[in-house]
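S.K.: Give me a model of this one.
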Amino acid sequence: MNRRGVAMMSSAHMVDDFYQGVVPAMLPFLVSERHYSYAAVAGLTLAATMLSSVVQPAFGVWTDRKPRRWLIPAGMATAALGVGVAGLFPGYALTWVMIAISGLGIAAFHPSAASAARRAAGNSNRGMSIFALGGNVGFALGTLAATPVLLWLGLRGTALLVLPAIVMALILAKRLGPVLDGPVGARRPATMPSGRDNWPEFLKLTTIVMVRSIVFFGLSSFLALYFIHELGTSAEIGGAALTAFLAAGACGTLLGGGLADRFGSMVVIRYGFAFCIPAMVGLVLAPDWRVALVFVVLTGIGIFVPFSVFVILGQNYLPNRVGTASGVTVGLAVTVGGLFTPVLGTLADARGLHFTLMALVGLPAVALLLSAFLRAPAPAGPVRAAVPGPAGTPAP
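M.R.: As a prediction, the model looks like this:
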């Protein structure tokens, strides 16, 4: 495992997904400052995910044909620009468009970044869990940083949040190639999975990731609002609950990678969903916000334990299409959950947030049932080593 490469890609993932975390943190402020309905703010979650869901597999196919690492800093910068501008103008239509553009940047980033991370991690679930952890930490930091900035400056404070992307993009432009490939004249070989593509199992995995995604987006969109409007807390505590959920998820992601290396991917996926069911039941039945916060942490661990396993498992199912597999498991299958968020928002407007969270409880059980039909990839032996190109030419 190229530890420096894994660390750099995890850091880049953290900065990129920082802007995914800013969006749900903005929602309570959009409700209070602009008086948007629950359905309207759910529509913004749709904006962040719809375009990304459609084009992310296309970016994956594109990067399978030829490495395009420039998409990593470019996608990150686009994600930051969209979020930064979204808070500056009051019109709903323009806000929706800018958040959609941010989603396009996220779509451009993930397939190339996941392929580069796999090059650095080799066959290590732990290595890929560190890459995935970067995204989870970034999402959590997005909410953690956005909430005080928005409390201080209001929605126009989103412009300040662009700075991390500018710094990280400059670092990547200078150091990404040498860190992943080695110095000029001493290129390190690229280790990637080998074998035949297994589309039936990959499609099963994709379905499971989609179900898990609906739960994740439902909780990340409405958890803060649930604490504020159903449990009677302040906006600060609502933001803290969302941050706790994502921070616990970061711990669950890292835990899942280590457990998968020891016990296998299937065990981690099934036990993760099994753990999530009682945790979510405890959340919706909690009598006050303090008890609910404990179950928020447990839910975050359970729903994120399988996440990094999905990434490397998808790449192992499609060893000849690592970019495509990454675009689907990290992108399409994850972000498609956001397409269901307006349905949840409409349900919340009609029946309340408590009823909506109760409806989400059954989905981890569905994912657990589906995972019973999933089979581990056949052992393919050592990963293949790609012959590096001429000096200055990046390997895949």
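
S.K.: pLDDT score for Ala190?
M.R.: Looking at Ala190, its pLDDT stands at 55.

S.K.: who's in contact with the residue nearest to the spatial centre of the chain?
M.R.: Central residue of the chain (Cα atoms, centre = their mean): Gly135, 5.8 Å from the mean position. Gly135 sits next to 13-14, 16-17, 20 when contact means Cβ atoms under 8 Å, 6 or more residues apart in numbering. For glycine as for every other residue, the C-beta is placed from the backbone atoms N, C-alpha and C.

S.K.: Against Ser308, how distant is it?
M.R.: Per Cβ to Cβ, to the nearest Å, Gly135 is found 9 Å from Ser308.

S.K.: now swap in Thr143 and tell me
M.R.: Taking Cβ to Cβ, one finds Thr143 at 20 Å from Ser308.

S.K.: cool, and Trp289?
M.R.: Distance from Trp289 to Ser308, by Cβ to Cβ: 30 Å.

S.K.: Tell me which of the two has more neighbours.
M.R.: Between Trp289 and Ser308, Ser308 has the larger neighbour count (other Cβ atoms under 10 Å), namely 31 against 20.

S.K.: Please give me every residue in contact with that one.
M.R.: So Ser308 contacts 125, 128-129, 131-133, 253-254, 256-257, 260 (Cβ under 8 Å, 6+ apart).

S.K.: Nearest to Lys174, out of these: which one, please.
M.R.: For the contacts of Ser308, the closest approach to Lys174 (Cβ to Cβ) belongs to Phe131, at 20.3 Å.

S.K.: how many neighbours does that closest one have?
M.R.: 31.

S.K.: Secondary structure of it: a helix, I assume?
M.R.: Yes - checked against DSSP: H, G, I helix; E, B strand; the rest coil, Phe131 lies within a helix.

S.K.: hang on, isn't it packed against Ala114?
M.R.: Yes - using Cβ atoms under 8 Å, Phe131 is in contact with Ala114, at 7.2 Å.

S.K.: joint contacts of these two?
M.R.: Shared contacts of Phe131 and Ala114 (Cβ under 8 Å, 6+ apart): Val311.

S.K.: Enumerate the positions of the helix or strand hosting Gly256 that are buried.
M.R.: If you go by DSSP states H and E, Gly256 is part of helix 235-263. Across helix 235-263, burial judged by 16 or more other Cβ atoms under 10 Å covers 235, 237-257, 259-261.

S.K.: could you point out which element follows the helix or strand where the residue nearest to the centre of the chain lies?
M.R.: Under the criterion of DSSP H and E, Gly135 resides in helix 125-153. Scanning forward in sequence from helix 125-153 by DSSP H and E, the next helix or strand is helix 163-181.

S.K.: Can you list the helices and strands that that following helix packs against?
M.R.: Judged by 3 or more Cβ pairs under 8 Å, 6 or more residues apart in numbering; DSSP states H and E, the packing partners of helix 163-181 are helix 3-34, helix 71-86, helix 92-121.

S.K.: Distance from the chain centre to the longest one, please.
M.R.: Spelled out, it's helix 3-34. Distance of helix 3-34 from the chain centroid (Cα atoms, centre = their mean, to the nearest Å) equals 9 Å.

S.K.: With stretch 230-248 instead?
M.R.: 19 Å.

S.K.: And the contacts of it?
M.R.: 21, 24-25, 28, 32, 136-137, 139-140, 143-144, 147, 151, 219-220, 223-228, 286, 288-289, 292-293, 296-301, 304, 352-354.

S.K.: for stretch 298-305, same thing?
M.R.: Residues contacting stretch 298-305 (Cβ under 8 Å, 6+ apart): 136, 212, 215-216, 219, 244-253, 255-256, 259, 268, 271-273, 275-276, 279-280, 282-283, 364.

S.K.: Go again with 6 Å.
M.R.: The contact list for stretch 298-305, computed with Cβ atoms under 6 Å, 6 or more residues apart in numbering, reads 215, 245, 248-249, 252-253, 256, 272, 275-276, 279-280, 283.

S.K.: do stretch 68-83 as well
M.R.: 16, 19, 22, 98, 101-102, 105-106, 108-109, 112-113, 158, 162, 165, 169, 172-173.

S.K.: Can I get the buried part of these as one ChimeraX selection?
M.R.: Buried members of the contacts of stretch 68-83, defined by 16+ other Cβ under 10 Å, are picked up in ChimeraX with:
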select :16,19,22,98,101,102,105,106,108,109,112,113,158,162,165,169,172
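
S.K.: Kindly calculate the angle that the helix holding Gly256 makes with helix 92-121.
M.R.: 30 degrees (axes from the mean of the first three to the mean of the last three Cα atoms, to 10 degrees).

S.K.: after helix 235-263, next one along is what?
M.R.: Defined by DSSP H and E, the subsequent element after helix 235-263 is helix 265-285.

S.K.: buried sites along whatever helix or strand comes next after that following helix?
M.R.: Of the helices and strands lying after helix 265-285 in sequence (DSSP H and E), the nearest is helix 289-304. For helix 289-304, the neighbour count (16+ other Cβ under 10 Å) marks 289, 292-293, 295-304 as buried.

S.K.: what is the rounded mean pLDDT of helix 289-304?
M.R.: With pLDDT averaged residue by residue, helix 289-304 scores 93.

S.K.: hmm, back to that, any idea of the mean pLDDT in the helix holding Gly135?
M.R.: pLDDT averaged over helix 125-153 gives 84.

S.K.: tell me the angle it makes with helix 163-181.
M.R.: Relative orientation of helix 125-153 versus helix 163-181 (the same axes, to 10 degrees): 160 degrees.

S.K.: ok so, going back, distance to Val61 added to the contacts of Ser308, as a markdown table?
M.R.: Below are the contacts of Ser308 laid out as a markdown table (distance: Cβ to Cβ, whole Å):
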| residue | distance to Val61 |
| --- | --- |
| Asn125 | 25 |
| Met128 | 21 |
| Ser129 | 25 |
| Phe131 | 21 |
| Ala132 | 22 |
| Leu133 | 27 |
| Thr253 | 26 |
| Leu254 | 30 |
| Gly256 | 28 |
| Gly257 | 27 |
| Ala260 | 27 |
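
S.K.: ok, for Gly327, nearest residue in space, not its chain neighbours?
M.R.: Leaving aside its sequence neighbours, Gly327 sits nearest to Gly60 (Cβ to Cβ, 6 or more residues apart in numbering; 2.5 Å).
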